[in-house]
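Undergrad: task: produce atomic coordinates for the following.
(chains A and B)
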Amino acid sequence: MINPKLKLNPKIWNDDVEQAPIRKGFGTGLLAAGEADKSIVGICADLTESTQMHLFAEKFPERFVQVGVAEQDLVTVASGMAAMGKMPFTSSYAMFSPGRNWEQIRTTIAYNDQPVVIVGSHAGISVGPDGGTHQALEDIALMRVLPRMIVLAPCDSVEAKKATMALAKLKKPAYLRLAREKSPIITTEETPFEIGKAQIFHETDGIAHVGVIACGALVHNAMKAAHKLEKEGVRVKVMNMATIKPLDTAAVIALAKECGAIVTVEEHQIAGGLGGAIAECLAGSIPTPIEFVGVHDEYGQSGAPLELIEHYHMGVSHITDAIKKVLDRKG
Amino acid sequence: MLTEKKIKELELKANHIRQSIIEALLPAKSGHSAGPLGMADIFTYFYFHALKHDPKNPDWADRDRVVLSNGHICPVLYASMAHAGYFPVEELKTLRKLGSRLQGHPHREWLPGIETSSGPLGSGVSQAAGMALADKMDHGQTATRRIYAFLSDGELQEGNSWEGIMFAGKYKLHNLLAIVDYNNIQIEGYVDDVMPLEPLADKWRSFNWHVLEVDGHDLRAIDEAVEHAHTIFEKPTVILAHTIPGKGVSFMERNYKWHGMPPNAEQAAQALDELKKAEELIKSAQ
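TA: Numbers count the residues shown, from 1 in each chain, chains lettered A, B, ... in the order given. Okay, the predicted model is just below:
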């Protein structure tokens, strides 16, 4: 059942649940943050509208910087502006930033400890028809490995807005992962959000059999899988892990202790992503059987977003299969 | 304009900085010799004349900003900072040692007065341009803090360099001055053989920069170029400073093999001997 304490969207199971692209929440969040804080600047590499930075750029043209198709310049200019007291948000597609400019992010932002938020939109396989070159499936790994980098992957547009506004206040090196395609709205304005805090979105009546930990738009699929199995008598808790780093280890360990079996769900390579983070955490505390839903060491291809999610085994049925498999392993 | 007295004073200071570079590299047993020695005159000029800074208050908000893009020549930066009073000259001997604030490549967090961590090449122009743009955003044409970007010639082979150069041209960053150490050496040979940059002045000009060329060891010429750059309000300025790598140590001069090599004890002794003789000459001319 839906966790009543979090005031989630009551229409979550409906076919007509409201949908919006996660990136849209970033656009409105940056606009709101920019109104409150004049030190915020927006820097973009020729993808202003598609990353939704145009809302900020139109309202605050004097605080918007266009670098052209130059992602290395994007983040290094941001580092320089941060050094002079600005709070820069940079935006591009995740495949190009952090895909192309990783070393510049490492040296001039993370190692240098400059407060820059790197916004990577169009992450994941759901970019769709653009094909494998544009489907960033490695960005969480690239950013998670950097000391002091904060990594957020919000589950819907509403949460993305809150994440953006929270990052604007935090003023630390951070990566914000966004998706292109419309996805169901899971949370509401009233749902609490805190960087570094995991939340149980799907609760169980009694001790759960399996814990599912998910991030991004696939949280909705994870919820549906849990909802479906609930009717079959399998009790599944779903944890929304909007903050992949710093990981809410206390919450992960508590979930593993309760369930003794974990499934991770992400639109990313299995290696180095959310699943990797959970495995590292649990292997070092309470070794727990884990099944990983995500992309298994391969590149994507062109196709419709939902078609690709199914083709690469991240659909609801694949999550229920993984839950059953980990239940078997638990014994 | 620099007085004769000031020039002699700076020449003597540059000589001391060269000696400190050798004294720091010897115990370090690794590091770069040629670039730091070649840039000693320019760094002396900035740290002891042009730069608006306060070594006792390195975070002073109104200070000029120094971005060292080619972080590997940090021995000259460290030696200049130490002689200017940022930290004790004695500390230079901790260069590259475990726990030292003087990392093999500069680390902003560890040493007050370092504006940005650097080492991986090609990112300095963009960072300096970001600083200049931020200041211009707040103060427009009246922005008075100067942003100085020190670059190497070899790192102009990096794409990121040209992204930054294009960007600074677009935003007409008059408060940004880049100084290129044009010494024509890099790790594997002469720049002109590895990947030629010429026509370099034309390249910068075509990216909408004002271009000046100087002898990087002529303090008066350097001063005139920097003063001239301050009068250019329409675009950023670059000074292509022609320098002799290893300047001041006969067996290092113009030899690319000294790009990334420190002197051994015997070589250091010879280098210091030559530099001390040069010091006496400067003193006797005063």
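Undergrad: dump the residue contacts of residue 18.
TA: You didn't say which chain, so I picked chain A. A:N9, A:K11, A:P184, A:I185 (CB atoms under 8 Å, 6 or more residues apart in numbering or on different chains). Placement of C-beta: from N, CA and C, glycine included.
Undergrad: my bad, chain B
TA: Counting by CB under 8 Å, 6+ apart, B:R18 has contacts B:L37, B:A40, B:K247, B:G248, B:V249, B:L275.
Undergrad: now do 7 Å
TA: B:R18 makes contacts with B:L37, B:A40, B:G248, B:L275, as judged by CB atoms under 7 Å, 6 or more residues apart in numbering or on different chains.
Undergrad: name the element A:A222 belongs to?
TA: Element membership of A:A222, judged by DSSP states H and E, is helix A:218-231.
Undergrad: and the residue of the stretch 151-300 of chain A nearest chain B?
TA: A:P173 (12.3 Å; CB to the nearest CB).
Undergrad: quick check: that residue touching A:V116?
TA: Yes. Between A:P173 and A:V116 a contact is recorded at 6.0 Å, counting by CB atoms under 7 Å.
Undergrad: more neighbours: which of those two?
TA: A:V116 (32 against 26; other CB atoms under 10 Å in any protein chain shown).
Undergrad: how near is that one to chain B?
TA: When distance is defined by CB to the nearest CB, to the nearest Å, A:V116 is 10 Å away from chain B.
Undergrad: show me the contacts for that residue.
TA: So A:V116 contacts A:V75, A:A78, A:S79, A:A82, A:P88, A:T90, A:I109, A:P173 (CB under 7 Å, 6+ apart).
Undergrad: for B:H230, same thing?
TA: Here B:H230 is in contact with no residue (CB under 7 Å, 6+ apart).
Undergrad: same thing with A:M81?
TA: A:V41, A:P88, B:G130, B:L133, B:A134.
Undergrad: make sure it is indeed in a helix.
TA: Yes. Counting by DSSP: H, G, I helix; E, B strand; the rest coil, A:M81 is located in a helix.
Undergrad: which residues touch stretch A:187-198?
TA: A:6-9, A:150, A:152, A:156, A:158-159, A:162-163, A:166, A:170, A:239-241, A:243, A:246, A:248, A:251-252.
Undergrad: near chain A, which residues of chain B show up?
TA: B:108-109, B:115-117, B:119-120, B:123, B:126-131, B:133-135, B:137, B:159-160, B:163-164, B:167 (CB under 7 Å from any CB of the partner chain).
Undergrad: need phi/psi at residue 177.
TA: As the question left the chain open, I've gone with chain A. phi -90, psi 130 (degrees, to the nearest 10).
Undergrad: wait, I meant chain B there
TA: phi -130, psi 120.
Undergrad: neighbours of the residue lying closest to A:H220 once chain neighbours are set aside, just the number please.
TA: Distances taken as CB to CB, 6 or more residues apart in numbering or on different chains place A:P184 nearest to A:H220, at 4.6 Å, with adjacent residues excluded. Other residues near A:P184 come to 22 when the count uses other CB under 10 Å.
Undergrad: could you pull out the strands in chain B for me?
TA: B:65-68, B:147-152, B:176-182, B:185-186, B:189-190, B:210-215, B:237-242 (DSSP state E).
Undergrad: likewise the stretch 1-150 of chain A?
TA: Using DSSP state E, counting those that start in this stretch, the strands of the stretch 1-150 of chain A run over A:19-21, A:40-44, A:64-66, A:87-93, A:117-121, A:150-152.
Undergrad: can you name the residue of the stretch 101-250 of chain A nearest to chain B?
TA: Counting by CB to the nearest CB, the stretch 101-250 of chain A gets nearest chain B through A:N112, at 4.7 Å.
Undergrad: could you pull up the residues touching the closest residue to that residue other than its chain neighbours?
TA: Once flanking residues are discounted, A:N112 sits nearest to B:S117: 4.7 Å by CB to CB, 6+ apart. Residues near B:S117 by CB under 7 Å, 6+ apart: A:T107, A:Y111, A:N112, B:P106, B:H107, B:R108.
Undergrad: longest helix in chain B, by residue count?
TA: helix B:4-28 (DSSP state H).
Undergrad: residues near the spatially closest residue to B:A134 that is not a sequence neighbour, how many?
TA: Leaving aside its sequence neighbours, B:A134 sits nearest to A:M84 (CB to CB, 6+ apart; 3.7 Å). Neighbourhood size, A:M84 [other CB under 10 Å]: 20.
Undergrad: how far away is A:M84 from A:C215?
TA: 34 Å (CB to CB, to the nearest Å).
Undergrad: same check, this time on B:Y47
TA: Distance from B:Y47 to A:C215, by CB to CB: 49 Å.
Undergrad: the two - which one has more neighbours?
TA: Between B:Y47 and A:C215, counting by other CB under 10 Å, A:C215 is the more crowded of the two (30 against 25).
Undergrad: isn't that one right up against A:I244?
TA: Yes. Between A:C215 and A:I244 there is a contact under CB under 7 Å: 6.3 Å.
Undergrad: and the pLDDT for the residue in the stretch 51-200 of chain B that chain A sits nearest to?
TA: Minimum separation of the stretch 51-200 of chain B from chain A (CB to the nearest CB) falls at B:G130, amounting to 2.3 Å. Looking at B:G130, its pLDDT is 98.
Undergrad: which one is it nearest to, not counting chain neighbours?
TA: Using CB to CB, 6+ apart, the nearest residue to B:G130 is A:G80, at 2.3 Å.
Undergrad: mind listing what that neighbour touches?
TA: Counted by CB under 7 Å, 6+ apart, A:G80 has contacts B:S126, B:Q127, B:A128, B:A129, B:G130, B:M131, B:A134.
Undergrad: what pLDDT does the model give B:T144?
TA: 86.
Undergrad: tell me, how many residues neighbour it?
TA: Neighbours of B:T144 using other CB under 10 Å come to 10.
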